[in-house]
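Trainee: The sequence and its predicted three-dimensional model are supplied below.
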Amino acid sequence: MGSLLLRGVVFVAFLGMGGRVYGQAPPAAEPSATDLAKTTQNPVGDIVSIPFQFNFSGGGAYQDQTFFNLNFQPVIPIHLNHKLTLISRTIVPIDSIPTGNGTSSSGVGDIQEQTFFTPARPHKIIVGVGPSFSFPTATASPAETGTWAGGISGVLLAQPGPFVLGSLFQQLWPMSDSGGEPKTNFFLWQYFVNYNFGQGWALTTAPSITANWDGVQGQKWTVPVGGGISRTLIFNRQPMTLGFQYYYNSVRPDTASATTLRLVFALIYPQRPH
């Protein structure tokens, strides 16, 4: 796992370089950076975000090999009327999965679509809920499910002072399956705690706690613990967020990895008033 930690150290150094670039802006830009950071930490915020999440997982079942996952997950708000906004969050996974003896299988995983209906003028407590879907698009053979799945997704959050606190969940049930095992019968709960301490910097934890309901007893849950740091900045007039997180799976199936190093790069496009 030394190479994974090295990637994180290099990425944090790059965050600091970004801070110096942004530090050349006038001091008045600082509150805007913090406000922008808090908006990007809101899964149902009124902002177009195009994140690329790089996950390097190792240890556990993978021993000294690395399971690489890139999640491309654009978030787009759609203003239905002056009272209601639909947030579309599409997750496109690109995987390289170790298959033993130094080999791996690479390709796209099952694409998921999460939607959240939320008030266009949110209150102190923000709520969003909507349908969720998973499509059998996988081309990497270990990730193939053949399952068309549907369910529900929801989010609840608040933004007191420098904090962004919340909880996101998703439940998917199989609707149709043609590939045998494994099926998509899946639960996700992600709580997130962000503390923003100025100039776009934030401490964050956002572990993805998951359950495979078709797993045998004692092999259903994956529970990571950990966290990291992020930086929202403006480079050449383009707002973006860079982040680094590290998680250890304190509870996991025998087939799962032990640790995950996560690097995040997101392009941000603030919305005009409507």
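Mentor: In hand now; what should we look at?
Trainee: ok but Leu203 is inside a strand, no?
Mentor: Yes. Counting by DSSP: H, G, I helix; E, B strand; the rest coil, one finds Leu203 located in a strand.
Trainee: Hmm, Gly226 and it touching each other?
Mentor: No. The criterion here is C-beta atoms under 8 Å, and Leu203 misses it with Gly226 at 11.8 Å. (C-beta placed from N, C-alpha, C; glycine too.)
Trainee: These two: which is more packed in?
Mentor: Gly226 (17 against 14; other C-beta atoms under 10 Å).
Trainee: what kind of secondary structure is the more buried one in?
Mentor: Gly226 - assigned by three-state DSSP - is strand.
Trainee: Could you find the closest non-adjacent residue to it?
Mentor: Residue nearest to Gly226 in three dimensions, not counting chain neighbours: Tyr247, with 3.6 Å by C-beta to C-beta, 6 or more residues apart in numbering.
Trainee: List the beta-bridge partners for the one you found.
Mentor: Note on Tyr247: beta-bridge partners Gly226, Thr260, judged by DSSP bridges.
Trainee: Counting neighbours, what do you get for it?
Mentor: Using other C-beta under 10 Å, the number of residues around Tyr247 comes to 23.
Trainee: surely it meets Thr259?
Mentor: Yes. Taking C-beta under 8 Å as the definition, Tyr247 is a contact partner of Thr259 at 6.8 Å.
Trainee: Could you identify the longest strand within the protein?
Mentor: Longest strand in the chain by number of residues, with DSSP state E as the criterion: strand 84-100.
Trainee: Which strands or helices does that strand pack on?
Mentor: Applying 3 or more C-beta pairs under 8 Å, 6 or more residues apart in numbering; DSSP states H and E, we find strand 84-100 packed against strand 66-72, strand 75-79, strand 103-108, strand 111-119, strand 125-135.
Trainee: follow-up on the earlier one: could I get the contacting residues of the residue nearest to Gly226?
Mentor: Pro207, Pro224, Val225, Gly226, Gly227, Thr259, Thr260, Arg262 (C-beta atoms under 8 Å, 6 or more residues apart in numbering).
Trainee: Pull out the buried residues from those residues.
Mentor: Buried subset of those (neighbour count, 16 or more other C-beta atoms under 10 Å): Pro207, Pro224, Gly226, Gly227, Thr259, Thr260, Arg262.
Trainee: ok, for the fourth one, nearest residue in space, not its chain neighbours?
Mentor: What that stands for is Gly227. Computed as C-beta to C-beta, 6+ apart, the closest residue to Gly227 that is not its neighbour in sequence is Thr205, at 3.5 Å.
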